[in-house]
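[1] can you look at this prediction? I've put the sequence above it.
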Amino acid sequence: MSALLALTDNAVEAVREIVSSSDEASETGGLRMVAERAGTQANFQLSVVALPAEDDEVIDEQGARVFLEQEAASLLDDKVLDASVEQDQVAFTIADQIEE
């Protein structure tokens with residue numbers, strides 16, 4: 001069983017807020033993360049979509065849906081997505097999951 005990306009309560013709230021305020025909002029909609037490699041680094045492009053792509057990993061946590069394309073899913077295994085909001089701007093951060 002692979003440990004998928006975990007979401008903090010702040011991230012759950014931010015994802016729900018972003019998706020619900022989008023024109024793409026629906027019961028099946030979510031925030032899609034796509035990895036773009038730049039050398040040894042990876043940048044993640046975020047977009048609100050109505051449906052996950054066929055091969056996306058779907059994370060549904062407390063009503064917040066995040067879709068990870070395959071590259072993003074492999075890079076974000078064992079990671080935690082957190083979010084902070086400042087002046088109506090959401091900043092997502094990714095950290096390692098801590099073994100409990």
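    Happy to help now that I have it. Residues are numbered from 1 along each chain as shown.

[2] what's opposite the residue nearest the centre of the chain in the beta bridge?
    Among the residues of the chain, residue 66 comes closest to the average C-alpha position under Cα atoms, centre = their mean, at 4.4 Å. Residues in a beta bridge with residue 66, per DSSP bridges, are residue 31, residue 59.

[3] I'd guessed it sits against residue 15; true?
    Yes: if you go by Cβ atoms under 8 Å, residue 66 and residue 15 touch, sitting 6.1 Å apart. C-beta coordinates here come from the backbone N, C-alpha and C atoms, glycine included.

[4] now for the longest helix seen in the chain, which elements pack on it?
    Determined from DSSP state H, the single longest helix within the chain is helix 9-20. Secondary-structure packing of helix 9-20 (3 or more Cβ pairs under 8 Å, 6 or more residues apart in numbering; DSSP states H and E): strand 30-38, strand 64-68, strand 79-86, strand 89-96.
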